[in-house]
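Asker: take a look and give me a structure for this.
(4 chains)
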There are 2 protein chains.
Amino acid sequence: MPDEPSRSPRPRAGRTTAGRRKLRHALTVAAIEKFLEQGYEATTVDEIASAAGVGRRTFFRYFRSKEDAIFPNHEEVLRDIERLFAAADPARNPVEVACAAVGLVLDFYLADPEVSVKRYALTRTVPSLRDKEVASVDRYQRVLAAYLRARFEADGDPIADLRGSVAAAAVAAAHNHVLRRWLRSGGTDDVHAHAREAFRLVTDAFSEPERQAERGEQPADQTVVAVLTTTTPLPDVVSRLSAALRGTGAEQGAP
Amino acid sequence: MPDEPSRSPRPRAGRTTAGRRKLRHALTVAAIEKFLEQGYEATTVDEIASAAGVGRRTFFRYFRSKEDAIFPNHEEVLRDIERLFAAADPARNPVEVACAAVGLVLDFYLADPEVSVKRYALTRTVPSLRDKEVASVDRYQRVLAAYLRARFEADGDPIADLRGSVAAAAVAAAHNHVLRRWLRSGGTDDVHAHAREAFRLVTDAFSEPERQAERGEQPADQTVVAVLTTTTPLPDVVSRLSAALRGTGAEQGAP
DNA sequence: TACTCTAATGGCACTGCGTGCCGTTAGCAA
DNA sequence: TTGCTAACGGCACGCAGTGCCATTAGAGTA
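Answerer: The predicted model follows:
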């Protein structure tokens, strides 16, 4: 029964799990090589399979399609992300947790710079491969969104759904930006510094004001200095302060 | 020469531009109908073409692939967006302009609720259609990102690239959220109210603090009420206020 | 060592997408 | 009416993806 792709095989007989991983990788490498060498459309599945020393039918037991051949096994990373979410401290800023999650994806690409850079050359030029790539990003984004929505919901956010979707997209985009920058550099720049910078941007953008205050960050011109006599009636104090906060020039009001 | 899809046809002979649009729409409707009725894989291009009264070969003159059949003509909308960007007031908040741009996409879907809702039923269930949908969103997102990056760059933002990518993703996600909510409602809820809410979220998240102040929007707990005697030395006033703004409990300080 | 059981393999045939080619048809211009 | 041109339809071809099935390889058992 265990045959077709995306199944979790028990190592019993025939090829072992390690053997499967190895052949899968060999097919990926062969595919990338052929695609770069003679073009994507011009390469047939037969050629890829023979290059890896297996039959055409076997290729389709490892990959759903010709396009899938060059992509890493996202299922594994998705599982890691789910685990990270399950184990995450509920008191921690959800956006930070989401950033940690995409950090796993980043590490996954960093683990094999050779293949990652070559794959990038293909996804940039072949439309159908790019579509696949985008689709996989979307899968990550949805997992992030589900987590963030739940966390925002638990925090009593009235627009948890919206904020979760948008924040997830931002986190995913930050990841993509850092990854692509690294890929364009040929795998030779300081990813983690850029990642910190990018994650900081989205964390700042999507944290509640209270949380921003907790981290000691304030918008620049929030300072309101009220100079009032002690005899000023309380309602006046309130209205002048609120006017000042709205920037309607109450700072020019008489004491 | 003018034959294959995605070409800008001069109306000279044969079928006119209006005629092309009509047939294209007829094919889309036929495809959606068949897909919903008997399933996506179970429907052949031959069936769709015959249902629209044309030959199979003609189908592929209107759509690159079977998947494309159910999608609207994004090229048109992309052109509209480019025009909007070109005409946009450079003094306007770039994120607001980007929101206006995706508003065009939203309107495009709203123009034909019947088809949009049916298409949504398909993109939710058929993986390959969903991938295509996601790919089209990505195209919009890239156009948004290019605009935002340029604008942020012009504003002297040192991380214009990053901020542009992330903000574009957020705007696109906000659009998707609103659109999908509307689609799930069957095309019967107040889209524009939700759109305003969503656009406000991303605008707030990605505007410079100065701009936030200009729009008179403040985080909820920024209010600082200082009660001080007129004899308090100025340095004390300053330090107590700044402490209060950091939430370090200066509000409990002695007057 | 021999046997069994099971999963992986590879070949074959089949459906259907996408495309190149080409003869035919339909509308526009003189 | 006579070109002219673009869209149409049919045919054939390559190839992706899949169901089917006989064969092979390796682990466990006696």
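Asker: how about the residue of the stretch 1-150 of chain A found nearest DNA strand D, secondary structure?
Answerer: Relative to DNA strand D, the nearest point of the stretch 1-150 of chain A is residue A:65 (3.0 Å; Cβ to the nearest atom of the strand). Where C-beta positions appear, they are placed from N, C-alpha and C, glycine not excepted. Secondary structure state of residue A:65, per DSSP: H, G, I helix; E, B strand; the rest coil, is coil.
Asker: what score does the nearest residue to residue A:126 once chain neighbours are set aside have for pLDDT?
Answerer: Spatial nearest neighbour of residue A:126, excluding adjacent residues (Cβ to Cβ, 6 or more residues apart in numbering or on different chains): residue A:40 at 4.5 Å. Residue A:40 carries a pLDDT score of 98 in this model.
Asker: roughly how far does residue A:40 sit from residue A:48?
Answerer: Going from residue A:40 to residue A:48 by Cβ to Cβ, to the nearest Å gives 11 Å.
Asker: ok, back up a step: thought the residue nearest to residue A:126 was touching residue A:129?
Answerer: Yes - between residue A:40 and residue A:129 there is a contact under Cβ atoms under 8 Å: 6.7 Å.
Asker: who touches both of the two?
Answerer: residue A:122 (Cβ atoms under 8 Å, 6 or more residues apart in numbering or on different chains).
Asker: ok, the two, which is more surrounded?
Answerer: Using other Cβ atoms under 10 Å in any protein chain shown, the more surrounded residue of residue A:40 and residue A:129 is residue A:129, with 21 against 18.
Asker: buried stuff in the helix or strand that the more buried one is a member of?
Answerer: For residue A:129, the element it lies in under DSSP states H and E is helix A:127-154. For helix A:127-154, a neighbour-count test (16 or more other Cβ atoms under 10 Å in any protein chain shown) marks A:129-138, A:140-141, A:143-145, A:147-149, A:151-152 as buried.
Asker: restricting to these, which residues neighbour chain B?
Answerer: A:130-132, A:134-135, A:138 (Cβ under 8 Å from any Cβ of the partner chain).
Asker: kindly reformat the residues you listed as CSV containing pLDDT.
Answerer: CSV is the format used below for those (pLDDT from 0 to 100):
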residue, pLDDT
A:130, 98
A:131, 98
A:132, 98
A:134, 98
A:135, 98
A:138, 98
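Asker: out of these, who's nearest DNA strand C?
Answerer: The nearest member of these to DNA strand C, counting by Cβ to the nearest atom of the strand, is residue A:131 at 11.7 Å.
Asker: any low-confidence regions in chain A?
Answerer: A:1-19, A:208-255 (pLDDT under 70).
Asker: that one: strands as residue ranges?
Answerer: Remark: no strands are assigned in chain A by DSSP state E.
Asker: can you list the domain ranges for it.
Answerer: Domain assignment for chain A by automatic domain parsing gives A:17-70, A:74-214, A:224-255.
Asker: any idea how far the first one is from the middle of the chain?
Answerer: In other words, domain A:17-70. Centre-to-centre, domain A:17-70 and its host chain are 27 Å apart (Cα atoms, centre = their mean, to the nearest Å).
Asker: that domain and DNA strand C in contact?
Answerer: Yes - looking at domain A:17-70 against DNA strand C by Cβ under 7 Å from any atom of the strand, the contacts come from A:20, A:23, A:53-58, A:61-62.
Asker: and the two most separated of those residues?
Answerer: A:20 and A:56 (17.6 Å; Cβ to Cβ).
Asker: neighbour count: those two, which is higher?
Answerer: Shown here are residue A:20 and residue A:56; by other Cβ under 10 Å, residue A:20 has more neighbours (16 against 13).
Asker: what about that one, distance to chain B?
Answerer: 23 Å (Cβ to the nearest Cβ, to the nearest Å).
Asker: how far away is that residue from residue A:45?
Answerer: 18 Å.
Asker: what comes up buried for stretch A:166-175?
Answerer: A:166-175.
Asker: would a markdown table of the domains of chain A with distance to residue B:195 be doable?
Answerer: Formatted as a markdown table, those follow (distance: least, Cβ to Cβ, whole Å):
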| stretch | distance to residue B:195 |
| --- | --- |
| domain A:17-70 | 35 |
| domain A:74-214 | 11 |
| domain A:224-255 | 25 |
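Asker: return the most buried member of the ones you listed.
Answerer: By mean neighbour count, with neighbours taken as mean count of other Cβ atoms under 10 Å in any protein chain shown, domain A:74-214 ranks first of the domains of chain A at a mean of 18.
Asker: is that domain positioned near DNA strand D?
Answerer: No - Domain A:74-214 does not reach DNA strand D (Cβ under 7 Å from any atom of the strand); its nearest approach is 9.1 Å.
Asker: chain center to that domain: distance?
Answerer: Offset of domain A:74-214 from its chain centre (Cα atoms, centre = their mean): 2 Å.
Asker: who are the contact partners of the closest residue to residue A:164 other than its chain neighbours?
Answerer: Nearest non-adjacent residue to residue A:164, counting by Cβ to Cβ, 6+ apart: residue A:149, 3.2 Å away. Listed by Cβ under 8 Å, 6+ apart, the contact partners of residue A:149 are A:160-161, A:163-165.
Asker: is it possible to export those to TSV including distance to residue A:109?
Answerer: Formatted as TSV, these follow (distance: Cβ to Cβ, whole Å):
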residue	distance to residue A:109
A:160	30
A:161	30
A:163	28
A:164	25
A:165	24
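Asker: and of those residues, the nearest to DNA strand C?
Answerer: Checking the contacts of residue A:149 one by one against DNA strand C (Cβ to the nearest atom of the strand), the nearest turns out to be residue A:165, at 29.9 Å.
Asker: correct me, but that closest one touches residue B:176?
Answerer: Yes - between residue A:165 and residue B:176 there is a contact at 7.0 Å, judged by Cβ under 8 Å.
Asker: can you tell me the residue of the stretch 151-255 of chain A closest to DNA strand C?
Answerer: For the stretch 151-255 of chain A, Cβ to the nearest atom of the strand, closest residue to DNA strand C: residue A:176, 26.5 Å.
Asker: identify the residue nearest that residue in space, chain neighbours excluded?
Answerer: Nearest to residue A:176 is residue A:137, by Cβ to Cβ, 6+ apart, at 6.5 Å.
Asker: from DNA strand C, how far out is the one you found?
Answerer: 22 Å (Cβ to the nearest atom of the strand, to the nearest Å).
Asker: relative to residue A:90, how far out is that residue?
Answerer: 27 Å.
Asker: same deal with residue A:68?
Answerer: Between residue A:68 and residue A:90 the computed distance is 36 Å (Cβ to Cβ).
Asker: quick check on residue A:156: phi, psi?
Answerer: The phi and psi values for residue A:156, taken as degrees, to the nearest 10, are phi 80, psi 20.
Asker: quick one: contacts for residue A:195?
Answerer: A:103, A:106, A:175, A:178.
Asker: where exactly do the helices run in the stretch 151-255 of chain A?
Answerer: For the stretch 151-255 of chain A, the helices defined by DSSP state H, counting those that start in this stretch occupy A:160-184, A:191-205, A:209-214, A:234-245.
Asker: so the first one versus helix B:160-184, what angle?
Answerer: Per axes from the mean of the first three to the mean of the last three Cα atoms, to 10 degrees, the angle that helix A:160-184 makes with helix B:160-184 is 140 degrees.
Asker: show me what helix A:160-184 is packed against.
Answerer: Applying 3 or more Cβ pairs under 8 Å, 6 or more residues apart in numbering or on different chains; DSSP states H and E, we find helix A:160-184 packed against helix A:94-110, helix A:113-125, helix A:127-154, helix A:191-205, helix B:160-184, helix B:191-205.
Asker: now render the ones you listed as a markdown table, adding distance to residue A:32.
Answerer: Listed next are those as a markdown table, based on distance: least, Cβ to Cβ, whole Å:
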| stretch | distance to residue A:32 |
| --- | --- |
| helix A:94-110 | 14 |
| helix A:113-125 | 5 |
| helix A:127-154 | 10 |
| helix A:191-205 | 21 |
| helix B:160-184 | 26 |
| helix B:191-205 | 37 |
